[in-house]
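Peer 1: My questions concern the predicted model and sequence given below.
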Amino acid sequence: MNNHMYIVEKPYESNQNSYFVQDYQTKTKMESYRKRMVCTFCTLFVLILIMYGLYGEQTCTENDLKSMSFFISDSRLGTVNNPVVNLTDDCALRAFTIEMAGYIAPAFWKDKWIAVSQSAFQMNQCNDTIYRTDRSFKIISERKKSTCRRKLFVHDSLGHDTFDGTFKKPMKTILAALSMTRTLRVLYGDDSMLCIIIREGTYYLGTNATTISSQIGAIALTTNDNNLVIENYQDERVVLSGGTPLHLQWSVHRKTASGGTIMKAQVPSNVNLDLFNELYIDGKRAIIAKYPNGDPSTHGLYAKDAGFAFDVHRWWPGISNASVEIVIQEPYRNGTVFSYYQLGLGGGASVFNPPTNFWSTSLPAGGDNYRTPRGITVDNKTLPHLAKWTNPSTGFVHALHGGYWGSWVFEIASINRTENTIMFGRGGFQEARGMDSGGAYYVSNIFEELDSPNEWFLDKDTGTLYFMLNETMPEVFVASQIPCLISMGGNSIEDAIKNILIQGLIFTETSSTYMSEYMVPGGGDWSVHRGGTIYLTNTKNVRITRNLFTQLGSNGIALIDYNDRTSITLNEFVWLADSAIILVGSTNGIDGFSVNSQPANTLIQSNLIHETGIYIKQSSPVLIAVSRSVSVIGNLMFNMPRAAININDGYYGNHTLCWNVLFNTVRETSDHGPINSWDRQPILSDAVQHGLPSLWQHTNYIHHNTIFNNYNALWPLDHDDGSCFYEDSYNFMIYGGKKNYMGHSKTDHHQIYVYADAGKLDFGSNVCLGDYAPRRGYSGWNEVFVNNTCILYEDYVPYLIGNCNTDDLFVPYLADNKIFIPANTEAYFPCTVDGILTKLNLKEWQSYGLDRNTTIQVTPDVQTIIEWGRDMLQRNNEN
């Protein structure tokens, strides 16, 4: 490997290059235990012949598919700590992850990044753990003073919109200041930088809002607003709320049997009740009346009291609604399982906007035709208030997908009280795969379920708000009114809005959007709501920095279609209903070459992202879908229901994910990893050669990340269906190994896999390298696994290579790896020899030309492993 292979064609030019290091050779106790070894060995065949047999030459029976459940863990069983590894070693690895969080943190934020990581990692379990936090490196500059031709000041309490906007005579509203800047363009010219400086206070943008769209903000910037800064004054606290404050006259509605008190008040007539779907009390999201009880913000499948029900007698399967199938035979991709562009139009896909879905075809590669359940019948003791529901049509059912690949939300259409049955109305479009059955669920927005402190219910027919006290009455009640606070939209790609800076603001208290329109981008598992708290389309050179996004009902930032050179840095995203940052482009069917409607050259750097996906479980801190050249650098991400970073498709590529610290991922779902990728839908672009259309993409680069693979995460880097053209290097990955599935052309070098066998057993993820379902002419070719260090904790089977047969070897290129196994054990490599499955030792394995110069050594103590990580990640990168 040459020492610059991963820095070619950097997708984002930066004046900082300290996050790239030179290539160098990485340095690289317990008794084995038979049960895990046997599981690993058996999983080889279950995986290849059963789980992944769909794409091999073998087919599966119904009984085969049922046996797969043996290897799928309950999503409720995930924990911060690893139950296999002793607490001392696990705590040491948690501490090193926290050390790396401090290492990548911006200097002014270092203490906070360390503190929140300690809390999220539950370091109270680790009393004697010592932290090393003295090292750091700098990858981003400190805040610079804006250069403004003219400043307009805004002050909510001291200003007036008839004032001239000077410091001493500020305007009252941001909209008035924005209008003034448009007038000043005549005087100063379109190229002059004008600045709106906001003084401290809370600005309720939802009050008397004129738009309710999640794509048009209360502050809507257009091409008339090029070269504009909107920022806080110095370090003053400026809050932009999507709600309106409620001034209520409370009275007692009734006392509950348990001694609680339900209060009621009439909502003022100026409040839009349709958008009042979130209540924020003293700055925090209140709990809409639900069963089972539990705050969705803090009670999920990761918690002891999950706030979900699990007892379903029957899921009523969906009715197949055939779509018009579009399959393009030319052009097509050779050498892959996913050769053809295919799409379902209408039919079952009609729940999406536009009404298209990769999965709405009769036989989509990798799955079944999209549909969702029609209803549920629950056990007799579940939903004890069901018979008393007076208006069930106000309610929603939040349910996990049956495979725990995401979640749905359904309106309740009707109930049968005698049979304990709930039938669904509109909904189920919040993920794209579909399934006939669901998983854990809860019911919300039913008045009769208002029985726990801090719960609320809005009777929209009468305009009455009900709230259950928690001893004392809170002070500030805010009703959500709008989902989008700032939008930036140019007239077209050619007439884009340019040079905008949003800085130093707090965005909060917006309406939820989980029942708004969703669409399916590319061939990933996702559907996505293309809206957000800040919405961008047709923009150039937008910077969003040093803001706080908190207590939001939608996505944080949405980059939709054409957006060039967007910079999202130094922000915190926390307590979000959906994803933090979504990048979603579009194409003209298979043609992504002649249309330029995609986010490109995006920098996402040094952000703190946690507590996301409160309502939507198929969500991530960062979603990359149909986008070009995205760099995700130096971010700290934890506490989310699914992946931290999801690359939804193989369009274009040239993405760089580096220097991120990721942990506590996949807390409420399954079959996933902290970084996930798919590539099922071929789309034309000029990624390979400028100006020349091709269905192949540019290489993506994943390097120097610290990934702690806990809860339900399986593979640290989950290169799922069809993923190809990745170079993964210099990552320090704790628990779980490498995954290749139905893709090709991935290089894995100079990685450190720590206790790869100590991850969950699901799908055989507990080996150094899992190469699943390779098939000549379709998948598994041009895979490389070299110069890696892999440490096994208890097992001694390094690889799980599908269809390994010495008569016809079709395996990744393996060489120069360092494998560490427990003392007094011998590594073996399962492969078929002369028709018999054989346990080959290293010498026998290498006799077939495999793993040249690879060594087997004894697993060292955890502190030695951590020193290897420091040497790889911190050498030559300190200030």
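Peer 2: Thanks, I have it.
Peer 1: how many neighbours does Gly849 have?
Peer 2: By other Cβ atoms under 10 Å, the residues close to Gly849 number 10. Any C-beta I mention is one placed from the backbone N, CA and C, and that applies to glycine too.
Peer 1: from what I can see Gly556 touches Thr550, true?
Peer 2: No: the criterion here is Cβ atoms under 8 Å, and Gly556 misses it with Thr550 at 9.3 Å.
Peer 1: Please enumerate the shared neighbours of those two.
Peer 2: Common neighbours of Gly556 and Thr550, using Cβ atoms under 8 Å, 6 or more residues apart in numbering, are Phe507, Phe573, Leu576.
Peer 1: any idea which of the residues you listed is closest to Thr166?
Peer 2: Proximity of the shared contacts of Gly556 and Thr550 to Thr166 (Cβ to Cβ) peaks at Phe507, which lies at 26.7 Å.
Peer 1: Report all helices and strands that the helix or strand where that closest one lies contacts.
Peer 2: Using DSSP states H and E, Phe507 sits in strand 506-508. Applying 3 or more Cβ pairs under 8 Å, 6 or more residues apart in numbering; DSSP states H and E, we find strand 506-508 packed against strand 238-241, strand 548-552.
Peer 1: Deepest-packed of these, please.
Peer 2: Greatest average neighbour count among these goes to strand 548-552 (a mean of 25), per mean count of other Cβ atoms under 10 Å.
Peer 1: How far does that strand sit from its chain's centre?
Peer 2: On the basis of Cα atoms, centre = their mean, to the nearest Å, strand 548-552 sits 16 Å off its chain's mean C-alpha point.
Peer 1: ok, now stretch 182-195?
Peer 2: Relative to the centre of its chain, stretch 182-195 is centred 39 Å away, using Cα atoms, centre = their mean.
Peer 1: Pull the residues that contact that stretch.
Peer 2: Here stretch 182-195 has contacts from 146-152, 181, 224-231, 499, using Cβ under 8 Å, 6+ apart.
Peer 1: Return the set of buried residues in it.
Peer 2: For stretch 182-195, the buried set under the neighbour-count rule, 16 or more other Cβ atoms under 10 Å, comprises Leu184, Arg185, Ser192, Met193, Leu194, Cys195.
Peer 1: How about stretch 352-372?
Peer 2: The neighbour-count check on stretch 352-372 (16+ other Cβ under 10 Å) flags 352, 355-361, 364-367, 369-372 as buried.
Peer 1: now stretch 652-659
Peer 2: Neighbour-count burial for stretch 652-659 flags Tyr652, Gly653, Asn654, His655, Thr656, Leu657, Cys658, Trp659 (criterion: 16+ other Cβ under 10 Å).
Peer 1: C-terminal to the strand holding Phe507, which secondary structure element comes first?
Peer 2: Per DSSP H and E, strand 506-508 leads on to strand 534-537 as the next helix or strand towards the C-terminus.
Peer 1: Can you list the strands that that next one pairs with?
Peer 2: Strand pairing for strand 534-537, using DSSP bridges, gives strand 486-489 (parallel), strand 557-560 (parallel).
Peer 1: most tightly surrounded among these?
Peer 2: Greatest average neighbour count among the strands paired with strand 534-537 goes to strand 557-560 (a mean of 28), per mean count of other Cβ under 10 Å.
Peer 1: After that strand, which helix or strand is next?
Peer 2: Towards the C-terminus, the helix or strand next in line after strand 557-560, according to DSSP H and E, is strand 563-564.
Peer 1: other SSEs contacting that following strand?
Peer 2: Helices and strands touching strand 563-564, by 3+ Cβ pairs under 8 Å, 6+ apart, are strand 539-545, strand 599-605.
Peer 1: That one: partners in the sheet, and parallel or antiparallel?
Peer 2: Here strand 563-564 has these sheet partners by DSSP bridges: strand 539-545 (parallel), strand 599-605 (parallel).
Peer 1: Show residues contacting that strand.
Peer 2: Applying Cβ under 8 Å, 6+ apart, the external contacts of strand 563-564 come out as 496, 536-542, 583, 599-602.
Peer 1: Show me how far that strand is from its chain's centre.
Peer 2: Relative to the chain's own centre, strand 563-564 is displaced by 21 Å; criterion: Cα atoms, centre = their mean.
Peer 1: Likewise for stretch 281-295?
Peer 2: How far stretch 281-295 lies from its chain's middle: 23 Å, per Cα atoms, centre = their mean.
Peer 1: Provide a list of residues in contact with Phe663.
Peer 2: Arg94, Thr97, Ser117, Ala120, Phe121, Phe638, Pro674, Ile707, Phe708, Asn710.
Peer 1: any chance of the residues you listed in TSV, with secondary structure too?
Peer 2: Shown next, in TSV, are the contacts of Phe663 (DSSP: H, G, I helix; E, B strand; the rest coil):
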residue	secondary structure
Arg94	helix
Thr97	helix
Ser117	helix
Ala120	helix
Phe121	coil
Phe638	strand
Pro674	coil
Ile707	strand
Phe708	strand
Asn710	coil
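Peer 1: Top of these by number of neighbours, please.
Peer 2: Pro674 leads the contacts of Phe663 on contacts (other Cβ under 10 Å) with 33 neighbours.
Peer 1: show me what contacts that residue?
Peer 2: Counting by Cβ under 8 Å, 6+ apart, Pro674 has contacts 643-645, 662-663, 665-666, 707, 709, 713, 716-718.
Peer 1: ok, so of those residues, who is nearest Met488?
Peer 2: Met488 lies nearest to Ile645 out of the contacts of Pro674, by Cβ to Cβ, at 23.9 Å.
Peer 1: What's the per-residue pLDDT of the most centrally placed residue in the chain here?
Peer 2: Closest residue to the average C-alpha location of the chain: Ser620 at 1.2 Å, with Cα atoms, centre = their mean. Ser620 is assigned 98 on the pLDDT scale.
Peer 1: For it, which non-adjacent residue is closest in space?
Peer 2: Asn646 (4.5 Å; Cβ to Cβ, 6 or more residues apart in numbering).
Peer 1: what's the distance between that neighbour and Met733?
Peer 2: As judged by Cβ to Cβ, to the nearest Å, Asn646 and Met733 stand 17 Å apart.
Peer 1: For the stretch 51-200 of the chain, which residues score under the pLDDT cut-off?
Peer 2: Filtered on pLDDT under 70, the stretch 51-200 of the chain yields the residue ranges 51-77, 130-131, 133, 137-144.
Peer 1: any chance you could map the helices in the chain?
Peer 2: Per DSSP state H, the chain carries helices over the ranges 34-45, 62-67, 87-104, 110-120, 174-188, 842-846, 862-874.
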